[in-house]
Structure formats: structure tokens, C-alpha cells
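Colleague: Build me a structure from this.
(2 chains)
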Amino acid sequence: KAGVTQTPRYLIKTRGQQVTLSCSPISGHRSVSWYQQTPGQGLQFLFEYFSETQRNKGNFPGRFSGRQFSNSRSEMNVSTLELGDSALYLCASSWDGYEQYFGPGTRLTVT
Amino acid sequence: KQEVTQIPAALSVPEGENLVLNCSFTDSAIYNLQWFRQDPGKGLTSLLLIQSSQREQTSGRLNASLDKSSGRSTLYIAASQPGDSATYLCALNRDDKIIFGKGTRLHILP
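Modeller: Predicted coordinates for the structure are as follows:
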């Protein structure tokens, strides 16, 4: 069974731009969660989607948004990028939202 | 507010030794606890998941325990190898939110 895939793997953007990251979960998994990982803050939960609905949300500003499609693939969008948004963005899929399987991440650099 | 602490932040151990990584948490009302490893710049690999009703889980050279009453989990690695070098994170699942510790960076010395 193929694992969680994320595209692109690396991205460089300029302040003020927007970015969209994509995540394809393990086949059959209905839950997709997104995390931001930085050296200072560690792994922080962004949001979780389950069957196309946002089920949980972390404490991030409204510039961070996401969606999930009927095939469970998910996208995360960050608008008006700031330097502090530079991070490794990880997505994880799960059958039930509990045991998580992570993708390799997208490394976003904002200049 | 649930907090997850992993001490030490970094650890160096000679190859072949057994070692224990610690994870402590402030609220015992958890659904499950999961241990992950992360190699530099990579995603997380799930190692072991312990349900709230369980006390421990084993996989190969790894054994994870959970003591909710004391707010502690430990990950025991037997006969450590250089390939075990990585960052190990514990994560608690509670109220449909997953909270991670900041990890212990483990270096196995050849």
C-alpha cells in the first residue's frame, strides 16, 4: 500500500505571496491532518479534515486554510506569506483520526 | 492545557547499550499515545501506539510503556545501533487533538 505523499517537496516563496500544498493520504484513510514544524515551536497542529469536513483546528491565523476533496486528497493554503511561515509542513493520514501516518513533508522557505 | 515534555532534549549513547527515552504529560485523560521517529528533514515514522487502556506495546527491540496515573511514558530501545540515531517524539491524542512533545535527539556512537 502506498504511503502518504506530499507535493511539492521543496518550495521557495516571497513574502506576501500565497502557496498551496498538496497531500494524498493512504488509500482508504478518511482523515488528513496538517502540522507545521519549526525548530523553535516543534510540531504544531494546524487542522484536520475528515470526509471533506474540517473536524478540528489548531491555533493558527486565518491565513492558513485547507480543504479536502471527495477522494480524501487534501490541500493546504497559506495566504500573505510571512517570514515566520518558513517551516516543514507535514500531513498525516489516518483511518479514524487516531493512529497517524505521516508524509515526507514540504519544506517551505519564505524570503 | 495539556503539555507534553520530553527530557532530555538530546542524548548520546555508545552502540550496544540499552536506553530509555522519557515522555511526561500533565493530563491523564488521553485516548492514546504514539511514539515516532524522525530523521533529519524527513517526515515521521510511527513506531508504537499505546491505547489508553494498555500498559505497554512491543515491536522488535522497542518497548513503550504508559502510566497514566503518573503522566509518564517511556520508550525502551534495546541493543542500540547507529541506525537508531534520530529524533524521537511522543504524541498524545486527546479530545480529537494530537499534541507532540519537542522530541529527544538521539545519537548512537559507533
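
Colleague: list the buried ones in stretch A:41-57?
Modeller: A:Gly42, A:Leu43, A:Gln44, A:Phe45, A:Leu46, A:Phe47, A:Glu48, A:Tyr49, A:Phe50, A:Asn56 (16 or more other CB atoms under 10 Å in any protein chain shown). Glycine gets a C-beta too; all of them are placed from N, C-alpha and C.

Colleague: got the CA positions of stretch A:61-72 in CSV?
Modeller: The C-alpha coordinates for stretch A:61-72 follow below in CSV (Å, rounded to 0.1, in the frame of the first residue of the first chain):
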residue,chain,number,x,y,z
PRO,A,61,-4.4,32.6,12.0
GLY,A,62,-7.0,32.6,9.2
ARG,A,63,-4.2,32.9,6.6
PHE,A,64,-3.9,29.2,7.0
SER,A,65,-6.7,27.3,5.4
GLY,A,66,-7.4,23.9,3.9
ARG,A,67,-9.8,21.6,2.2
GLN,A,68,-10.4,18.0,1.4
PHE,A,69,-11.7,16.5,-1.7
SER,A,70,-14.1,13.6,-2.2
ASN,A,71,-11.1,11.3,-2.9
SER,A,72,-9.6,12.3,0.5
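
Colleague: how much space is there between the residue nearest to the spatial centre of chain A and chain B?
Modeller: Chain A has A:Trp34 as the residue nearest its centroid, 3.5 Å off, counting by CA atoms, centre = their mean. For A:Trp34, the distance to chain B equals 11 Å [CB to the nearest CB, to the nearest Å].

Colleague: my read: that residue touches A:Met76, true?
Modeller: Yes. If you go by CB atoms under 8 Å, A:Trp34 and A:Met76 touch, sitting 5.1 Å apart.

Colleague: Mutual contacts of these two, please.
Modeller: Here A:Trp34 and A:Met76 have A:Cys23, A:Leu46, A:Gly66, A:Tyr89, A:Cys91 as joint contacts, going by CB atoms under 8 Å, 6 or more residues apart in numbering or on different chains.

Colleague: for the residues you listed, which one is nearest A:Val110?
Modeller: A:Tyr89 (11.8 Å; CB to CB).
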